[in-house]
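1. With the input below, show me the fold.
(one chain, ligands or ions: 1)
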Amino acid sequence: MISIDYVRQPVGSFMLEVEQLRLYPGLTLLVGANGAGKSTLLKLLATVEKPRKGRVTYQQREAGDYLPLVRSQIGYVPSDLELYEEMTTYKLLVYLAELKGVFQIEPVERLIRDFRLEAYRNTRIKRLSIGVRRRIAIVQSLLAQPKFLFLDEPLNALDSGERKMAITYLTRYALGRIVVAAVHELNEWEAAANHILWLDNGRIRFEGEAAEWKWNLPSKVWEGVITREQLCRFPERSVMFMRELKEGIFVRLVGDRLPLPGLEEVQPSMEDAYFIRKFSANFSSV
Ligand SMILES: Nc1ncnc2c1ncn2[C@@H]1O[C@H](COP(=O)(O)OP(=O)(O)OP(=O)(O)O)[C@@H](O)[C@H]1O
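-> A predicted model of the protein is given here:
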C-alpha cells in the first residue's frame, strides 16, 4: 500500500491538497480536467518532487528516509519524457536498464517484443514517430519490473491497436502491483480499472472501486431517436453523443428523469459517470 498523509503541494498559484489517500495493488485510473493536479500528484508519487508538507510512504517506508530503496521500486512515465535522440532504441533501452541495475538482456528483449518495437531496434530515436517514442517511454518504466508504476497519459499519440495492447499489458502488470495512470479517455479503460481517483482543482473528489464510480449517480443516461427541434431544447452539456440517421437524430442524453417519451434508460459508461459527477448541477433541470 502507498499512503499519502496531509500533503500540501504548491505549484505556482495552484495547490494540491491531499489529506489522506491509500493506494492499493491494482490499476488506479487518475482522472480530472486539465490543470486538476494529476501530474503534480504523479510527480510526488514518483519522488520527482518532495512534498512541501506531509508525507508519502511506500509499504511503511517514507520516501524521505529510504529514497534509494523506494526509487528502485518505482517506474515512472512522465507526460513529456525526453529520450537521447542520437541513440538507437536498443542501445537506449540497454543503457537505461543498466542504470536501473538490470544487466541481463532478456528483460529488454522481452519488452521490445511485447511493445512491438522490433522494427525500430536499430533506428535512432530522432527518426521515430511520437507514438513509437511513447511506447519506448512506457518500456523504460518497466525495465526493472517496479512494484509501483506511475504513468502520465501513457496512451498519448498511440493508435487504437497500440492503445489496446498497452492497456492489456498494464492490466496484467497491475496484478499484485500498484499502478496509477492519469488518463483522459475513460471508456477504453473500463474493463481494466480496479480503482478510480478523481482530482478536481487540487482536491480529491472521488476515491473508490471502479464499480462504485457508476453507483448513486445524481442523473441517468437515456438513448433514442429524436427530431432536430427536440434536440435544440437540450443544453449542449447534457448531450453525450449524437448521430444523424435517416429517421432523425440518435442521441445519448443525461437527465434526472425521462427527457422525452420513447427514450430508453441505459447503463452509464465511465465517461458518462465523470460528466454526471462533474456537472450534475447542470443536468438537474433537463
Ligand atoms: N511549472 C509550473 N509553474 C507554475 N504552475 C504550474 C507548473 N506546472 C503546473 N502548473 C500549474 O499547476 C496546476 C496543476 O497542473 P498539473 O500539470 O498537475 O495538472 P494536470 O491535471 O496534470 O493537467 P493536464 O491534464 O493538463 O496535464 C495547473 O494549474 C498548472 O497550470
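2. can you tell me which residues contact Pro51?
-> Shown in contact with Pro51 (C-beta atoms under 8 Å, 6 or more residues apart in numbering): 7-9, 44. Backbone N, C-alpha and C define where each C-beta goes, glycine included.
3. Greatest separation within the residues you listed: which pair is it?
-> Arg8 and Leu44 (10.8 Å; C-beta to C-beta).
4. what sits in contact with each of the two?
-> Contacts common to Arg8 and Leu44, judged by C-beta under 8 Å, 6+ apart, are 16, 51.
5. ok, which stretches of this structure are helices?
-> Secondary structure of the chain by DSSP state H: the helices cover 38-45, 67-72, 89-99, 106-114, 130-142, 160-173, 228-232, 270-283.
6. For the second one, which outside residues touch it?
-> Contacts made with helix 67-72 from outside it, assessed by C-beta under 8 Å, 6+ apart, are listed as 47, 58, 61, 63, 100-101, 144.
7. Of the residues you listed, select the buried ones using a PyMOL command.
-> Buried residues among the contacts of helix 67-72 (16 or more other C-beta atoms under 10 Å), as a PyMOL selection:
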select buried, resi 47+58+63+100+144
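8. which among the contacts of helix 67-72 gets closest to the ligand?
-> Closest to the ligand out of the contacts of helix 67-72 is Thr47 (15.7 Å), distances taken as C-beta to the nearest ligand atom.
9. Enumerate every residue touching the closest one.
-> 56, 63, 67, 70-71, 74.
10. who wins for most neighbours among the residues you listed?
-> Neighbour tally across the contacts of Thr47 (other C-beta atoms under 10 Å): the maximum, 24 neighbours, falls on Val56.
11. Contacts only, for it.
-> 2-4, 7, 44-45, 47, 62-63.
12. Emit the PyMOL select command for whichever of the residues you listed are buried.
-> Buried residues within the contacts of Val56, by 16+ other C-beta under 10 Å, are selected in PyMOL with:
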select buried, resi 2+4+7+44+45+47+63
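13. Just the closest of the contacts of Val56 to the ligand, please.
-> Checking the contacts of Val56 one by one against the ligand (C-beta to the nearest ligand atom), the nearest turns out to be Leu44, at 9.8 Å.
14. Just list the residues touching the closest one, thanks.
-> 4, 7, 9, 16, 50-51, 56.
15. Dump the contacts of Thr47 to a markdown table, plus pLDDT and distance to Lys38.
-> Below are the contacts of Thr47 laid out as a markdown table (pLDDT from 0 to 100; distance: C-beta to C-beta, whole Å):
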| residue | pLDDT | distance to Lys38 |
| --- | --- | --- |
| Val56 | 96 | 16 |
| Ala63 | 86 | 19 |
| Leu67 | 91 | 23 |
| Val70 | 94 | 21 |
| Arg71 | 94 | 21 |
| Ile74 | 97 | 17 |
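16. Of these, which is the nearest to the ligand?
-> Closest to the ligand, out of all of the contacts of Thr47 and judged by C-beta to the nearest ligand atom, is Val56, at 15.6 Å.
17. Next one: that closest one from Gln267, what distance?
-> Using C-beta to C-beta, to the nearest Å, Val56 is found at 36 Å from Gln267.
18. do the same with Gly64
-> 45 Å.
19. and if you look at Thr28?
-> 22 Å.
20. repeat for Asp152
-> In terms of C-beta to C-beta, Asp152 sits 30 Å off from Gln267.
21. So between the two, which is more surrounded?
-> Counted by other C-beta under 10 Å, Asp152 and Gln267 do not tie: Asp152 has more neighbours, with 23 against 9.
22. Let's see the pLDDT reported for that one.
-> Listed pLDDT for Asp152 reads 97.
23. Glu62 now?
-> 89.
24. Format the contacts of Thr47 as CSV; extra columns: distance to Gly202.
-> Below are the contacts of Thr47 laid out as CSV (distance: C-beta to C-beta, whole Å):
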residue, distance to Gly202
Val56, 16
Ala63, 20
Leu67, 25
Val70, 24
Arg71, 25
Ile74, 23
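25. residues from the chain in reach of the ligand?
-> 11-12, 14, 32, 34-40, 79 (C-beta under 6 Å from any ligand atom).
26. Check those residues against Phe206 and report the nearest one.
-> Gly32 (9.8 Å).
27. Next, the closest one: phi, psi?
-> Gly32 has phi and psi values of phi 150, psi 160 when expressed as degrees, to the nearest 10.
28. and it, how far is that from Arg127?
-> 35 Å.
29. So which of the two has more stuff around it?
-> Gly32 (24 against 11).
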